[in-house]
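**Student:** kindly return the folded structure for what I paste below:
(chains A and B)
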Amino acid sequence: MSKKNPEYDFKWCPGCGDFGVRRALELAMINRMEETGKPMENNVIVAGIGCSGNMVHLLEGNQPYGIHGIHGRSLPIALGVKMAEPSLNVVVVAGDGDFLSIGAEHIGPQAARNLNICAVIMDNGVYGLTKGQSSPTTLEGAITSSTPFGKLESKTHPLELYLTMGVSYIASGFSGQPRPLSQLIQQGMDHSGFSIVHIQSPCTAYNDTFLELKGDLKNGIQPTLWDIPEDHDTSDRAAAHDLLQQGGVPVGVLYNDTDRISLDQNVVNTWEKAQPKTIEQLMGAFEF
Amino acid sequence: MQMRDFVVRFAGEGGQGVVTSAEGLAQSSTRVGYHALTFATFPSQILGGPTWTQARISVEPALAPGDDVNVLVAFNKDAYDAHINDVREDGVVIFDSTEFQLEDDGRSFGLPFEDLAKSTGNNRAANMVIMGGLAHLINMPQEHLISFVEERFNRGRDGDAEIIRSNIEALNLGRSHLADSGFSLGDLAPPEQPEYEQLMIKGNDAISIGAIAAGLDFYVGYPISPATTILLYMERNLVGNDRFAYQVSSEIESITTILGAGYAGKRAMTATAGPGVSLMSEGLGLAWMAEIPLVVVDVQRGGPATGLPTKTEQSDLMSCMYPAHGDVRLPIIAVGTVEECFYGAIKALEWAEKYQGPVILMTEMALAERSQNIPKPDLSKVKQAKRDIYTGTNGYLRYAGNELSPMPIPGNPGAYVANGSEHDDMGDTTHLGERHVQMTERRFSKIKLLEEDDYERDQTEQSIAVLPWGGSKGPAQEAYKTLRENGVPVGWYYTVYLNPLPPKMLEELKKKDLVIVPELNYQGQFSSILRSMGVKAESITQYTGLPFKGRTLVEKITEMTNAHLKETVRV
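**Tutor:** Now for the predicted structure:
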């Protein structure tokens, strides 16, 4: 919404990481608009359910199109939008609960299709909007409102998961750095295939990880964030895998496979083999 | 006396040519001017398992598979045992005497299909042996069958001549063997070749072509019996620039993907069966809430859960009309004949675009696999589905007002959020009670746009009426004819529009003392909906996985009518 809407009463908590992600997403879309000359209406934001999904209502300035759908299904909705109109820039915004728990079944198929969309994932390691339950990226053993005796499952490692599933562009970022983050997102949008920008976007209410992410060297706290070295070969899957073994939260482009063809391009290529028939011809096959 | 129609049942194992025999007989019969209709029921396995198909050949058009079997073709002993009770007393059994033997009962005849086929040099000509034998039984001129064979196998390939020769030889062998047996059923009356052009087509193919004729742009689906053939048809034929057909990874993907496409301006559809409808329920609620046009075809099978995947039933009406949580009542078109499959698909797409929301097209296993000759649709009368599209500037309030409003298309001015949460006029989430009231009423008001007074009626002065829905139309229509002949005082109503019902029909039904609804489910789903609308409806139910027999309906309707009249007199 471009101006204040008194009827819409949702707010992110003060300090929420999603503010930074919003800025990064806005910057990426504005830059892209300037570079491609296409209007803001060329963007379609498909939102998941949760705090992060409210992004679609909270964007400032010129408004893109949006769908605020149902929990976990942002990817297949995006599949429909993109394949209906491949000239649109389709962006998924979702959180770790929506994307990695209820919606996880859709990641593999989009990776295999190399669906040409960009997923911007806000990972806060908790279900915020339902007040603090454990999510796939909550640490094992963590006490949350739904794990009173500690989380029983191990933590999911999303970047490794994406790499294994064959996502063709994988970047990792931090909500506290909107400008560099906007570049990762814009690169994902420009990537011809399935891109995921996985962002640490801390929840100040239930899982505030700002300090551990950024560290506090004065007090001897090492940051868990670290920059992916410039000499990392982003086309090398094994190198990407090795990087992830270092632990912590890498920042930058982890993997970028520019050789794979995207689904919409693949479909165009089938048109040579396909022989579209008129309705008269289709009916003719059943005449006698 | 000449016969006006006759029914042949082929029973055996999957892979024995049981299916192709019925279809071959139906096809060859329509080519010489008869009307034909097949019924198929399969086991849920790829090879083997008991299978049977039935072909009904008639001088006048028929809409039901036929109650009694004139000829049973049994490919093995199990098949003979399972089906012998359905054969009329004056009927005939042809059995594969290379497989098993029967004691002479005066009406069974052993024919070594396979051996005779082999002797022609074409192992695959067993069907033709049978066909030749059948032609003798009903005294169908051999030249009809020969010209069918010549036409069918003349495919411009090197081996054509040999295949045609061996098939004709097989036809002749079958005929001469049956002639030696001395069996005969009499003469089938000569065909009355219709003057209009025709198609010989299955229900699912008719839906596919109807949808494409209505301007379908976008189809995705997930394999599920008995809806898969629609997916396969679309993947071959909904191709090229600006068209898309694709297999996704679940029914949850199917519904949400066509929702994305509908939102982006496309006429979008998927087809599934009961389990898929269950998985689609949340997505259907979203389409209703966010006002996004799309069509879901439900090819019903037996349920619940995995149920009876390859049998027919009409038990999804409740889950199609009320698929989602919350206040939802979806428009329903339920087709009952192969011809209605074609026009129903067109209407479903038209409705979805017209009221901007999800529409369910209901069909069923027995129709999906039914081959039938139908008049060739007149394409000049087919309207392409059209949406009211917003063409203004940015700053549009997409959901303003209490009625339908033009829909913006992404890429063009008019950006908004299509929202599955309750929303205000710009699509932003709201929790205000008065807004939920307004938007709920807005959504329900749009259904009124779909009301059409299009229904069948006969003997409207009767206080008791028969009202079948979907595929039970065929058997009910046959029963109704007999009931009229028997002087049973009942009227007839039928429509494919189950929601919204044609308003005038509903008014008429409300005045009846009793409305009898034949339907293939346990609970009487349609009659229960009708009762909630003030119609005194009662169901005749059946849940065997098979369609009604006309005879069953005659008995039950007569019984219900008599009981009702008696009661009335006593009062």
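
**Student:** and stretch B:504-522, what's buried?
**Tutor:** Residues B:505-506, B:508-509, B:512, B:514-521 are the ones in stretch B:504-522 that count as buried (16 or more other C-beta atoms under 10 Å in any protein chain shown). For glycine as for every other residue, the C-beta is placed from the backbone atoms N, C-alpha and C.

**Student:** now the strands: where do they sit in chain A?
**Tutor:** Taking DSSP state E as the test, the strands found in chain A are A:43-47, A:65-68, A:89-95, A:118-123, A:126-127, A:133-134, A:169-174, A:195-200, A:225-227, A:249-256.

**Student:** out of those strands, flag the one nearest B:Gly274.
**Tutor:** Proximity to B:Gly274 (C-beta to C-beta) singles out strand A:65-68 among those, at 27.4 Å.

**Student:** please put the alpha-carbon coordinates of the closest one into CSV.
**Tutor:** C-alpha atoms of strand A:65-68 as CSV (Å, rounded to 0.1, in the frame of the first residue of the first chain):
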residue,chain,number,x,y,z
TYR,A,65,0.9,-6.6,-8.1
GLY,A,66,0.6,-9.0,-5.3
ILE,A,67,-1.0,-12.2,-4.1
HIS,A,68,-1.4,-13.0,-0.4
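
**Student:** list the contacts of it.
**Tutor:** With contact meaning C-beta atoms under 8 Å, 6 or more residues apart in numbering or on different chains, strand A:65-68 is reached by A:41, A:43-47, A:49, A:53-54, A:56-57, A:77, A:81, B:260, B:263, B:290, B:408, B:410, B:415-421, B:427, B:429.

**Student:** select only the buried ones of those residues in PyMOL?
**Tutor:** Only the buried entries of the contacts of strand A:65-68 go into this PyMOL selection, using 16+ other C-beta under 10 Å:
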select buried, (chain A and resi 41+43+44+45+46+47+49+53+54+56+57+77+81) or (chain B and resi 260+263+290+408+410+415+416+417+418+419+420+421+427+429)
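
**Student:** just the pLDDT for B:Glu23.
**Tutor:** Confidence at B:Glu23, expressed as pLDDT, is 86.

**Student:** pretty sure it contacts B:Thr38?
**Tutor:** Yes: counting by C-beta atoms under 8 Å, B:Thr38 is a contact partner of B:Glu23 at 5.9 Å.

**Student:** overlap of the contact sets of these two?
**Tutor:** B:Thr53, B:Ala55, B:Ser371.

**Student:** which of the residues you listed ranks first by neighbour count?
**Tutor:** For the shared contacts of B:Glu23 and B:Thr38, neighbours were counted using other C-beta atoms under 10 Å in any protein chain shown, and B:Ala55 has the most, 28 neighbours in all.

**Student:** element containing the residue nearest the centre of chain B?
**Tutor:** Nearest residue to the geometric centre of chain B (C-alpha atoms, centre = their mean): B:Leu367, 2.5 Å. Element membership for B:Leu367 (DSSP states H and E) is helix B:365-368.

**Student:** hmm, that helix touching chain A?
**Tutor:** No: in terms of C-beta under 8 Å from any C-beta of the partner chain, no part of helix B:365-368 sits within range of chain A; the closest distance is 15.2 Å.

**Student:** residue numbers of the stretch 51-200 of chain B in contact with chain A?
**Tutor:** Listed as neighbours of chain A in the stretch 51-200 of chain B under the rule C-beta under 8 Å from any C-beta: B:Glu197, B:Gln198, B:Leu199, B:Met200.

**Student:** and the last one, how many neighbours does it have?
**Tutor:** For B:Met200, the number of neighbouring residues by other C-beta under 10 Å comes to 20.

**Student:** can you pull the phi/psi pair for it?
**Tutor:** phi -110, psi 110 (degrees, to the nearest 10).

**Student:** and it, what does it touch?
**Tutor:** Contacts of B:Met200 by C-beta under 8 Å, 6+ apart are A:Phe286, A:Phe288, B:Ala26, B:Gln27, B:Thr30, B:Ala36, B:Ser371, B:Gln372, B:Asn373.

**Student:** how much space separates it from B:Phe6?
**Tutor:** 18 Å (C-beta to C-beta, to the nearest Å).

**Student:** try the third one
**Tutor:** Summarising the geometry, the distance separating B:Leu199 from B:Phe6, computed by C-beta to C-beta, is 23 Å.

**Student:** mind listing what B:Asp86 touches?
**Tutor:** So B:Asp86 contacts B:Arg9, B:Asp68, B:Val69, B:Leu72 (C-beta under 8 Å, 6+ apart).

**Student:** any chance of a markdown table for the residues you listed, columns secondary structure, pLDDT and neighbour count?
**Tutor:** Formatted as a markdown table, those follow (DSSP: H, G, I helix; E, B strand; the rest coil; pLDDT from 0 to 100; neighbours: other C-beta atoms under 10 Å in any protein chain shown):
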| residue | secondary structure | pLDDT | neighbour count |
| --- | --- | --- | --- |
| B:Arg9 | strand | 96 | 28 |
| B:Asp68 | coil | 91 | 16 |
| B:Val69 | strand | 96 | 25 |
| B:Leu72 | strand | 96 | 27 |
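
**Student:** which one of those sits closest to chain A?
**Tutor:** B:Arg9 (23.3 Å; C-beta to the nearest C-beta).

**Student:** the single nearest residue of chain B relative to chain A: what secondary structure?
**Tutor:** Nearest residue of chain B to chain A, counting by C-beta to the nearest C-beta: B:Gly260, 2.4 Å away. Following DSSP: H, G, I helix; E, B strand; the rest coil, the label given to B:Gly260 is helix.

**Student:** over to the residue in chain B sticking out farthest from the centre: give its phi and psi.
**Tutor:** The outermost residue of chain B relative to its centre, with distances by C-alpha atoms, centre = their mean, is B:Gly395 at 45.6 Å. Main-chain dihedrals, B:Gly395, degrees, to the nearest 10: phi 90, psi 20.

**Student:** contacting residues for residue 225?
**Tutor:** Unless you meant another one, I'm taking chain A. With contact taken as C-beta under 8 Å, 6+ apart, A:Leu225 is in contact with A:Phe174, A:Gln200, A:Leu213, A:Lys214, A:Gly215, A:Gly248, A:Val249, A:Val251.

**Student:** you answered for a different chain; I wanted chain B.
**Tutor:** When contacts are counted by C-beta under 8 Å, 6+ apart, B:Ser225 touches B:Ser44, B:Ala273, B:Arg301, B:Pro309, B:Thr310, B:Met365.

**Student:** any idea how far B:Leu279 is from it?
**Tutor:** 15 Å.

**Student:** for whatever residue of the stretch 51-200 of chain A ends up closest to chain B, give its distance to B:Ile332.
**Tutor:** The nearest approach of the stretch 51-200 of chain A to chain B comes at A:Gly80, 2.4 Å away (C-beta to the nearest C-beta). Using C-beta to C-beta, A:Gly80 is found at 23 Å from B:Ile332.

**Student:** in terms of neighbours, single out the busier of these two.
**Tutor:** Neighbours of A:Gly80 and B:Ile332, each counted by other C-beta under 10 Å, are more numerous for A:Gly80; the result is 32 against 24.

**Student:** where are the low-confidence patches of the stretch 1-150 of chain A?
**Tutor:** A:1-3 (pLDDT under 70).

**Student:** understood, closing this out.
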